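Chemist: With the input below, show me the fold.
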Amino acid sequence: MKTLDRYIIKQFLTNFVMLFVVVMLLFVVVDFIVDVDEFVQAGEVHKDSWYGIAMLATVGTIADYYVPVIMLVYVCFNGLIVVGAMGFTIVGLQRHRELTAVIASGVSLHRIAAPVLICGLVLSALPLPVQEFVLPDLAPKLVRAKSELKEPKKGLESKEVYFAQAGDHDLLSAARFDAEAGELSGVHIIRRDETGTKQSEIKARKAWWNDESGAWMLEEGLEEQPITKAEAMQATSRSVMRVSSYSTGLSPTVLLARRNALFASLLSIRTLEGLSDNQAVGPAQRDKVSQIISSRFSLMVLNVLVLVMGLPFFLKRLPGDTLMSALKAAGLCIGAWGGGLMMLQMSPGALT
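Modeler: Numbering: from 1, shown residues only. Okay, here's the model as predicted:
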């Protein structure tokens, strides 16, 4: 790597980090000001976990909420930040007459653009590992509402659920769903045949998900068989038997993905591929999963294309109106980036 390449890459990375920090701080400050009362109230609720200091608990809650959000915002806006860093780098070279000196020495514009494009390509690829290895662990926190921060239980709030299984004809409902613990409370399952006729009914106080067996392990599970009219007239008692598990494709991940479309988009490709093979996920939902997988790589390609589109507005042999060039580049790049995102989000189905 030549001195020119190292110098341009250093300037590019410096501008990228500075622009990233500025954009994230701006986003956090504006969002925080709008809902500052939510964080203050959450600090009062959780102060016992922070040595009884409400201010410390408030700061901890703010960090717990915004660190995952910053990672998600970075993935979404990485392409525009890279383009902005490229623009600041080239404009800086022009302002200090460095670009003029390099061109006068016989270096072509293509040679100058090479380190910019290579560095931009690497930076545009960074969101992919973030999506694969960072966001899946942060997914429960990213689907929280700010109002849930005030609850005594941190993480994804337990909520009432009712799900109809797509893979077969059973119906599963629960009074509460704790996504972090993979636990259902007040479980009620109706087993049905292909015609929708009720075959049996399972009730349990609680259920825990077992990944190895692919089943919900039931606590105090009882399965009751329905009786015919003739048996009812003869006062025949219903057949009740204990049941310890219920095999199904409705894992906690599937339940969350079906209830919250954002959660599905935060999962890793490996998990998404498992969802696409899960019989509890309907055809329309599998189409959505396939669209999410393909969009991971399409987003990286879109970011690179936007960078290539914006580069000619700044990298010129003769100095020009920098402000006008920046405005033209911003209009084209933002328009192309926004249109590309809209196309990536179009899908034939939904996960909710």
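Chemist: What is the end-to-end distance of stretch 123-130?
Modeler: In stretch 123-130, first residue to last residue: 12 Å (Cα to Cα, to the nearest Å).
Chemist: chain center to that stretch: distance?
Modeler: On the basis of Cα atoms, centre = their mean, to the nearest Å, stretch 123-130 sits 14 Å off its chain's mean C-alpha point.
Chemist: And for stretch 21-37?
Modeler: 19 Å.
Chemist: Make residue 1 into 688 and carry on from there
Modeler: Sure, I'll start numbering at 688, so the last one becomes stretch 708-724.
Chemist: neighbouring contacts of it?
Modeler: 726, 749, 753, 756-757, 760-761, 764, 768, 833 (Cβ atoms under 8 Å, 6 or more residues apart in numbering). All C-beta spots, glycine's among them, are computed from the backbone N, C-alpha and C.
Chemist: any low-confidence regions in this structure?
Modeler: 688, 839-855, 914-925, 947-948, 966-967, 969, 1032-1039 (pLDDT under 70).
Chemist: contacting residues for the residue nearest in space to the middle of it?
Modeler: Geometric centre of the chain, nearest residue: L953, 2.8 Å, by Cα atoms, centre = their mean. Neighbour list for L953: 759, 818, 822-823, 825-826, 829-830 [criterion: Cβ under 8 Å, 6+ apart].
Chemist: So which of these is surrounded by the most neighbours?
Modeler: Within those, most neighbours by other Cβ atoms under 10 Å means A826, with 24 neighbours.
Chemist: my guess is E870 meets K893, correct?
Modeler: Yes: counting by Cβ atoms under 8 Å, K893 is a contact partner of E870 at 6.4 Å.
Chemist: Where do the helices of this structure begin and end?
Modeler: With DSSP state H as the criterion, the chain has helices at 690-721, 723-733, 741-782, 785-791, 796-812, 814-816, 822-829, 916-920, 939-946, 948-952, 956-963, 970-1001, 1009-1032.
Chemist: Adding distance to G883, write the ones you listed out as JSON lines.
Modeler: Shown next, in JSON lines, are the helices of the chain (distance: least, Cβ to Cβ, whole Å):
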{"stretch": "helix 690-721", "distance to G883": "47"}
{"stretch": "helix 723-733", "distance to G883": "44"}
{"stretch": "helix 741-782", "distance to G883": "41"}
{"stretch": "helix 785-791", "distance to G883": "72"}
{"stretch": "helix 796-812", "distance to G883": "49"}
{"stretch": "helix 814-816", "distance to G883": "44"}
{"stretch": "helix 822-829", "distance to G883": "34"}
{"stretch": "helix 916-920", "distance to G883": "19"}
{"stretch": "helix 939-946", "distance to G883": "20"}
{"stretch": "helix 948-952", "distance to G883": "28"}
{"stretch": "helix 956-963", "distance to G883": "25"}
{"stretch": "helix 970-1001", "distance to G883": "19"}
{"stretch": "helix 1009-1032", "distance to G883": "35"}
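Chemist: winner for burial among the ones you listed?
Modeler: Of all those, helix 939-946 has the most neighbours on average by mean count of other Cβ atoms under 10 Å, namely a mean of 22.
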